[in-house]
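**Q** following is a predicted model, sequence given first.
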Amino acid sequence: MRRRDLDIVVYGATGFVGSRAAQYLAGAEEAAELRLGIAGRDAARLEALRARLGRDDVQVVLADADDLEAVEATASRARVLLNTAGPFAKYGDHIVAACVRARTHYVDITGETLWVRSLIDRHHAQAQAEGTRIIPCCGFDSVPSDLGVLLAVRQLQRRRGAECAEVKSYFQMFGGFNGGTLASGLMQAAADREGRARDPFLLDPHPHPPEEQARNRDPLGITYDSDAKAWVGPFLMGFVNTRVVRRSAALFAEWGEGYGERFRYQEYSRFGGAFGLPTAVAATGGLAAMDVTMSTGPGRRLLEKVLPKPGSGPSETLMDRGWFKSETVAAASSGRKVRVRMSHQGDPGNRATVRFVCEAALALVLERKLPGGVGRGGVLTPATGLGDVLAERLPLAGVEIEVSEGRR
């Protein structure tokens, strides 16, 4: 990989998130000496983006996702390919395959779990054997969940010698959606004719018995949670994040670094304050209505007409006002608990996502002590592929992380 002429290539660089990722990397002090590339299919838009970046050394790389030769050439030039071009099930197959063949590390911002499952089936064995890190889900889906659990469980294990029994995460957030994210969700809903995305262990290396699946089903209703000290309900992205966290737990267990034999994970939206219950009822009802609408062809066609189109997204003002807070609570059978709080000022699906995925790419290029050493590869998760390295980088990038301990 030292013979590559580019350190990081941002694919989909002219898109809503891609252009912001390119700006983040071009302006990062650590990346001043890195060789950056911006890739896509529109030469004029790429040149215009390079002009806005203010770095003449940034390379423009033309590569349509359907042009296999161009995609192969792009992957072979890069040490790390950062992909923001969704829907990923539509545009990502050739890109990931090219990265695996070229032994190029890969990160993206997908939340399309069915597509990630297909990557595992097609590429995990080869990437694992050759030490290539293919790490999807490095945006808001699913970095806070995956790293929050990792930090909480390891705190119990390393500091207290305790085995983790259960972990729960609670989210609060404000922000908007970009058209690419919504298009990805609609595409997965259309493809999921058999309801496979509802499998709580969809991304695990091995199948789980029906009774274990039943115990780990996504929450549907509203309840008062003593750990959150608030009303909680289903979290919008819980059906993505929980699958990623459970894959992390399963991979760590295979490597002798497991979270615990009794480990269970679930996550929720948290509704605090005097109006917590009515807010929880309204939000959960709206989420259920959206789920029903997306499950039918007419419903998806209606949403395609009224929702933002790919390439568009929230205003700068709305993204400035956006924020998220997450709290992950890990409990040992002894009653000892660890809490990991993570927060960020800025739209979760856009501003925070850009920080997460860019810091993931920088970690792969700059950090020498990645978890598992140089030999670790496969279709990984943020926790298994980047772990403590990414957790240590994020506070330096404006993400607040706090770890605390207590009892029941």
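**A** Received, thanks. Residues are numbered from 1 along each chain as shown.

**Q** quick one, what contacts residue 61?
**A** By CB atoms under 8 Å, 6 or more residues apart in numbering, the contact set of residue 61 is 6, 9, 37, 38, 39, 46, 74, 77. The C-beta positions use only the backbone N, C-alpha and C, and glycine is treated the same way.

**Q** could I get the residues you listed as TSV with distance to residue 171 and neighbour count?
**A** Listed next are the contacts of residue 61 as TSV, based on distance: CB to CB, whole Å; neighbours: other CB atoms under 10 Å:
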residue	distance to residue 171	neighbour count
6	36	21
9	32	27
37	34	25
38	32	27
39	33	32
46	35	22
74	35	24
77	38	22
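
**Q** and the furthest pair within these?
**A** Using CB to CB, those span at most 15.0 Å, a distance reached by 46 and 77.

**Q** so where's the stretch 201-350 of the chain shaky on pLDDT?
**A** For the stretch 201-350 of the chain, no stretch has pLDDT under 70.

**Q** for it, what spans make up the helices?
**A** 210-215, 238-254, 276-294, 297-306, 316-321 (DSSP state H, counting those that start in this stretch).

**Q** list the helices and strands the longest one packs on?
**A** Okay, so that is helix 276-294. helix 179-191, strand 230-234, strand 265-271, helix 297-306 (3 or more CB pairs under 8 Å, 6 or more residues apart in numbering; DSSP states H and E).

**Q** closest one to residue 28 among those?
**A** helix 179-191 (22.8 Å).

**Q** buried set for the closest one?
**A** For helix 179-191, the neighbour count (16 or more other CB atoms under 10 Å) marks 179, 180, 181, 182, 183, 184, 185, 186, 187, 188, 189 as buried.

**Q** after the helix or strand containing residue 153, which helix or strand is next?
**A** Assigned by DSSP states H and E, residue 153 belongs to helix 143-160. Once the chain leaves helix 143-160, the next helix or strand it forms, by DSSP H and E, is strand 164-174.

**Q** give me the helices and strands touching that following strand, please.
**A** helix 143-160, strand 265-271, strand 323-332.

**Q** between strand 323-332 and the longest one, find me the angle.
**A** For the pair helix 143-160 and strand 323-332, the angle between their directions (axes from the mean of the first three to the mean of the last three CA atoms, to 10 degrees) equals 30 degrees.

**Q** gap between helix 143-160 and the chain center?
**A** How far helix 143-160 lies from its chain's middle: 17 Å, per CA atoms, centre = their mean, to the nearest Å.

**Q** what is the rounded mean pLDDT of it?
**A** Taken as a whole, helix 143-160 has an average pLDDT of 94.

**Q** mind giving me the packing neighbours of it?
**A** Going by 3+ CB pairs under 8 Å, 6+ apart, helix 143-160 lies up against strand 164-174, helix 238-254, strand 323-332, strand 337-345, helix 382-385, helix 387-393, strand 400-406.

**Q** follow-up on the earlier one: of all the contacts of residue 61, which comes closest to residue 98?
**A** residue 74 (7.2 Å).

**Q** ok, now which ones touch the nearest residue to that closest one once chain neighbours are set aside?
**A** Among residues not flanking residue 74 along the chain, residue 63 sits closest, at 4.4 Å (CB to CB, 6 or more residues apart in numbering). Residues in contact with residue 63 (CB under 8 Å, 6+ apart) are 11, 39, 40, 41, 70, 71, 73, 74.

**Q** can you do 10 Å?
**A** Residue 63 is in contact with 9, 11, 37, 39-41, 69-75, 77, 94-95, 98, counting by CB atoms under 10 Å, 6 or more residues apart in numbering.
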